[in-house]
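Undergrad: Sequence and predicted model, in that order:
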Amino acid sequence: GENVEQHPSTLSVQEGDSAVIKCTYSDSASNYFPWYKQELGKRPQLIIDIRSNVGEKKDQRIAVTLNKTAKHFSLHITETQPEDSAVYFCAASSGNSGYSTLTFGKGTMLLVSP
Amino acid sequence: DARVTQTPRHKVTEMGQEVTMRCQPILGHNTVFWYRQTMMQGLELLAYFRNRAPLDDSGMPKDRFSAEMPDATLATLKIQPSEPRDSAVYFCASGLARTETYEQYFGPGTRLTVT
C-alpha cells in the first residue's frame, strides 16, 4: 500500500517568514495530494490540494508543488501569521478498482511566533 | 455552510463497555470514511463506504469494531467490548465521488476515553 513520509515533524518560524513542509509518497499510481490544517482540538480542514496533471497550485499565501518523478510534494506558506500555527497533514490518494482512499503523513506542528 | 456532524463529541467509558459513535455526512455526499487519530499513529483509516456499501474496512480490528450505514444520512462505528487502547479521537469524513479522486470533509470528531 501507499506510504507517506512528512518532514519536519515540528517547525518554528518568526511571523512574516516562509514555511515549507515536505512529503514523499511511495505509490507511483497516486494522483491526488491534499493538505489539511488541524488546529488544537478541531477537525482537519482541507486547505489546498493538487492533482497529478499539474506541478504547482497557489491560493493566496499558500502553494503546493508536486514532483511526480521524484514522488514528493511540498506545502509553502509565505508571510506566515500567528494564526497559521497548527498541525499540517499531507496525504496521497491510493486505491484500486476505481476508487481511492487517502494515506496521511504523520503531521507537522507549525509554530509561528509574533 | 454544510458540515459533517458527529455525536457524541466526548465519551468516557469503562473497559468492556459498548461504544457507539454516529456520523451524519454532508447531504448529497456518497462516500463516508472513519478515521482514528492518536499521537503515536496519526490518522488511520478504519472503514470506507460508497453509496452505503462497505468498500474497505481493512484498517479496522474486526473482532471488536463494526461500521455500518443504516441509511444515507447516518453512519455508525461501534466498539464492543472497548479497551483502553481504543482511546483516541474518531473522525468521520464524507465526500462526493464523481471521479476517482475527490475532497474529503471531516467532522468534529468523537474523543473517546476508555478507562
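TA: Looks like it arrived, so ask away. Residues are numbered from 1 along each chain as shown, chains lettered A, B, ... in the order given.
Undergrad: Close to chain B: what parts of chain A are there?
TA: A:31-32, A:34, A:36, A:42-46, A:49, A:51, A:89, A:93, A:95, A:98-107 (CB under 8 Å from any CB of the partner chain). Every residue, glycine included, has its C-beta placed from N, CA and C.
Undergrad: buried subset of those residues?
TA: A:31-32, A:34, A:36, A:43-44, A:49, A:89, A:93, A:95, A:99-107 (16 or more other CB atoms under 10 Å in any protein chain shown).
Undergrad: Give me the subset of the residues you listed lying in strands.
TA: The strands, defined by DSSP state E, take in A:32, A:34, A:36, A:49, A:89, A:93, A:95, A:99-104 from those.
Undergrad: what's the first-to-last distance across stretch B:41-60?
TA: Stretch B:41-60 has an end-to-end distance of 14 Å (CA to CA, to the nearest Å).
Undergrad: what mean pLDDT does that stretch have?
TA: Average pLDDT, stretch B:41-60: 89.
Undergrad: buried residues in that stretch?
TA: Applying 16+ other CB under 10 Å to stretch B:41-60 flags B:42, B:43, B:45, B:46, B:47, B:48, B:49, B:50, B:56, B:57, B:60 as buried.
Undergrad: Which ones, among those, also lie beside chain A?
TA: B:42, B:43, B:45, B:48, B:50, B:56.
Undergrad: Let me have the ones in strands among the buried ones among the residues of chain A next to chain B in a markdown table, extended by pLDDT.
TA: Formatted as a markdown table, those follow (pLDDT from 0 to 100):
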| residue | pLDDT |
| --- | --- |
| A:32 | 90 |
| A:34 | 95 |
| A:36 | 97 |
| A:49 | 93 |
| A:89 | 97 |
| A:93 | 87 |
| A:95 | 62 |
| A:99 | 62 |
| A:100 | 71 |
| A:101 | 83 |
| A:102 | 89 |
| A:103 | 91 |
| A:104 | 94 |
